[in-house]
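# Any chance you could fold what I've pasted below:
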Amino acid sequence: MTKPKGFEKPIGFRDYTPHVVSKLRMIERNVLECMERWGYRQIITPTIEYYDTVGVASSTSDRKLFKLLNSRGTTLVLRSDLTAPIARVVSSMLKDEPLPLRLSYHANVFRSIEEEAGREAEFFQTGVELVGDDSPEADAEVVALAIASLQAAGVSSFKIAMGHMGFLNGLLEEVIPGQTEEQEQLKEGLLGRDYVGYRQSIEALHLEPEQKERLEAILRLRGGKEICTHANELSSSAEAAQSIAHLCAVFEVLEAYGVSEHVLIDLTMIGDFSYYTGMTFEGYAAELGSPVCSGGRYDNLLQQFGRALPATGFALKTNRIIDGVHGIRIEEKKSVRIEYSPERRAEALNEAARLRSLGQNVVTSLLHEEKGEASGHGSVTEQDEQVIIYGTQKGGK
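Below you'll find the predicted structure:
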């Protein structure tokens with residue numbers, strides 16, 4: 001095994017230069033302020049959690065968790081998302097707070113990855129959880145807030161693709177009842193956007209032409225409100241019908257918010273089907289092919305912490321916005337540099353304090369000897385900064 005060089009870092013981790021940090025902090029500040037205006041209060045949870053509680057409850061697969069042992073031999077994990085830790089807090093420290101709860105967060109999360117180009121093991125998420133409300137109004141609020149948050153983050157051109165887990169579950173159980181393994185394989189194809197593989201899985205089932213057509217037809221269920229009618233024609237399942245009714249009610253609320261032009265109904269959108277229980281969605285920026293936000297309803301999570309409550313939420317994939325979306329422009333604030341001779345140190349530092357109190361960025365330094373021969377108090381401009389000199393005449397006057 002080769003010893004790492006002094007400048008190397010683990011694969012999947014990155015350094016953030018000052019300009020990138022400025023962009024990250026601006027996005028974080030703008031988005032959290034947006035969420036606060038919608039009534040969401042910020043929460044912070046530990047970076048490290050117990051594997052047997054938060055780790056097993058997380059939506060992240062076990063092989064992608066960073067695990068470590070403490071001094072007592074207890075297995076811990078670096079948090080892989082914020083939803084499971086927040087569910088733990090809601091079920092304990094916030095159990096007496098009135099419902100629904102609206103919580104926001106911004107934090108780094110960790111997921112062990114294959115050594116592939118472009119994959120990150122540590123990244124930032126900014127998001128919300130709305131706990132204690134299972135209505136279409138709650139799901140619509142989360143989607144509308146996701147839209148507002150993307151705009152606050154500087155993402156100007158995007159689409160939200162919105163689906164529902166219940167429709168696919170109902171359709172599959174109607175067409176291939178009881179075939180759990182085959183149903184999971186079809187879901188895997190949709191989850192990975194592998195539509196060729198999805199069709200191949202259908203072919204392998206040797207279905208009747210009518211059954212085959214119904215399973216393939218789901219790939220065409222993408223569009224506006226009219227998709228609700230087409231979906232109801234495709235399945236007579238009670239679960240599917242109830243899911244479509246909920247999804248269309250969400251869309252109607254989004255119309256009332258005035259944001260439905262950003263949303264399309266996509267019934268191939270199922271999110272992590274082992275985790276989400278209802279409406280799911282992903283947001284795609286025009287500049288990127290991969291999602292910049294994702295979310296949905298996860299009504300079964302909190303009962304793992306002893307408090308059965310419905311919940312919905314989303315997270316912005318902040319790193320993708322930083323790297324791939326150019327809506328946020330950071331204007332470098334011009335600074336003032338004050339240079340001074342030893343004799344005028346107190347005067348110069350007092351002026352620096354005054355300028356900082358006015359919001360100005362100020363850097364101070366002791367004069368080089370050749371500059372120290374300048375007389376009195378001077379001011380010049382060097383490139384992007386103003387330089388103020390507090391010097392003395394030669395001879396110490």
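# What segments of the stretch 251-397 of the chain are helices?
Along the stretch 251-397 of the chain, counting by DSSP state H, counting those that start in this stretch, helices occupy 318-324, 345-357.
# Packed most tightly, which of the ones you listed would that be?
The highest mean neighbour count among the helices of the stretch 251-397 of the chain, using mean count of other C-beta atoms under 10 Å, belongs to helix 318-324: a mean of 20. (Each C-beta comes from the backbone N, C-alpha and C, glycine too.)
# any chance of the helices of the stretch 251-397 of the chain in CSV, plus distance to K334?
As requested, the helices of the stretch 251-397 of the chain are exported to CSV (distance: least, C-beta to C-beta, whole Å):
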stretch, distance to K334
helix 318-324, 24
helix 345-357, 12
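# weakest of the ones you listed in terms of mean pLDDT?
Ranked by mean pLDDT, the helices of the stretch 251-397 of the chain end with helix 318-324 at the bottom, a mean of 89.
# what's the residue lying closest to C293 once chain neighbours are set aside in contact with, if anything?
Closest residue to C293 apart from its sequence neighbours, by C-beta to C-beta, 6 or more residues apart in numbering: G283 at 4.0 Å. G283 makes contacts with 146-147, 150, 155, 158-161, 291-294, as judged by C-beta atoms under 8 Å, 6 or more residues apart in numbering.
# Pick out the most distant pair among those.
V155 and A161 (14.8 Å; C-beta to C-beta).
# Which one of the two is surrounded by more residues?
Using other C-beta atoms under 10 Å, the more surrounded residue of V155 and A161 is V155, with 27 against 19.
# gap between the residue nearest to C293 and L130?
Note on G283: its distance to L130, by C-beta to C-beta, to the nearest Å, is 17 Å.
# Over to T312?
T312 is 5 Å from L130, by C-beta to C-beta.
# How about W38?
In this view, W38 and L130 are 10 Å apart by C-beta to C-beta.
# between T312 and L130, who's got more neighbours?
The neighbour count for T312 versus L130, taken as other C-beta under 10 Å, is higher for T312 (28 against 25).
# do you know which of the helices of the stretch 251-397 of the chain lies nearest D15?
Closest approach to D15 among the helices of the stretch 251-397 of the chain is made by helix 318-324 (13.0 Å; C-beta to C-beta).
# Before we move on, what's the pLDDT of E332?
Model confidence at E332, given as pLDDT, is 73.
# make that P98, sorry
You'll see P98 listed with a pLDDT of 95.
# Within the helices and strands, which one has it?
In the assignment (DSSP states H and E), P98 maps to no helix and no strand.
# Can you report how many residues lie near it?
7.
# what's the answer for L150, then?
L150, neighbours per other C-beta under 10 Å, totals 25.
# ok, F158 to E287 distance?
Counting by C-beta to C-beta, the gap from F158 to E287 is 9 Å.
# Tell me which of the two has more neighbours.
Taking neighbours as other C-beta under 10 Å, F158 and E287 compare with F158 leading, 21 against 17.
# Residues in contact with stretch 206-221: which ones?
Residues outside stretch 206-221 that contact it (C-beta under 8 Å, 6+ apart) are 168, 171-172, 175-176, 186, 190, 195, 198-199, 202-203, 205, 227, 230-231, 234-235, 265-268.
# how far away is the residue nearest to C293 from C34?
15 Å.
# OK, contacts around E173?
So E173 contacts 183, 237, 239 (C-beta under 8 Å, 6+ apart).
# List the buried residues of stretch 25-32.
For stretch 25-32, a neighbour-count test (16 or more other C-beta atoms under 10 Å) marks 26-28, 30-32 as buried.
# Just the CA atoms of the helix or strand harbouring I147, as CSV, please.
Per DSSP H and E, I147 falls inside helix 136-152. Taking C-alpha atoms only, helix 136-152 is exported to CSV below (Å, rounded to 0.1, in the frame of the first residue of the first chain):
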residue,chain,number,x,y,z
PRO,A,136,-52.2,17.1,0.0
GLU,A,137,-51.8,20.7,1.3
ALA,A,138,-48.6,19.6,3.2
ASP,A,139,-47.1,17.8,0.2
ALA,A,140,-47.9,20.8,-2.0
GLU,A,141,-46.3,23.2,0.6
VAL,A,142,-43.1,21.2,0.5
VAL,A,143,-43.0,21.2,-3.3
ALA,A,144,-43.8,24.9,-3.5
LEU,A,145,-41.1,25.6,-0.9
ALA,A,146,-38.6,23.5,-2.9
ILE,A,147,-39.3,25.7,-5.9
ALA,A,148,-38.9,28.9,-3.8
SER,A,149,-35.6,27.5,-2.4
LEU,A,150,-34.2,26.6,-5.8
GLN,A,151,-34.9,30.2,-6.9
ALA,A,152,-33.3,31.5,-3.7
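# all strands for the stretch 201-350 of the chain, in order.
Assigned by DSSP state E, counting those that start in this stretch, the stretch 201-350 of the chain shows strands spanning 222-223, 263-266, 279-285, 291-297, 311-317, 335-340.
# give me every residue that touches G154.
27, 30, 321, 325-329.
# do that again at 10 Å, thanks
With contact set as C-beta atoms under 10 Å, 6 or more residues apart in numbering, G154 has these partners: 23, 26-27, 30-31, 285, 321-322, 325-329.
# And F110, by the same measure?
12-13, 47-48, 60, 64-66, 77-81, 120-123.
# Buried among those? Make that a ChimeraX selection.
In ChimeraX syntax, the buried subset of the contacts of F110 is picked out as below (16+ other C-beta under 10 Å):
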select :12,60,65,66,77,78,79,80,81,120,121,122,123
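# which non-adjacent residue is nearest M279?
D139 is the one closest to M279 (C-beta to C-beta, 6+ apart), at 4.7 Å.
# ok, back up a step: now, among the buried residues of stretch 25-32, which is nearest to G223?
Using C-beta to C-beta, the buried residues of stretch 25-32 come closest to G223 at V31, 29.1 Å.
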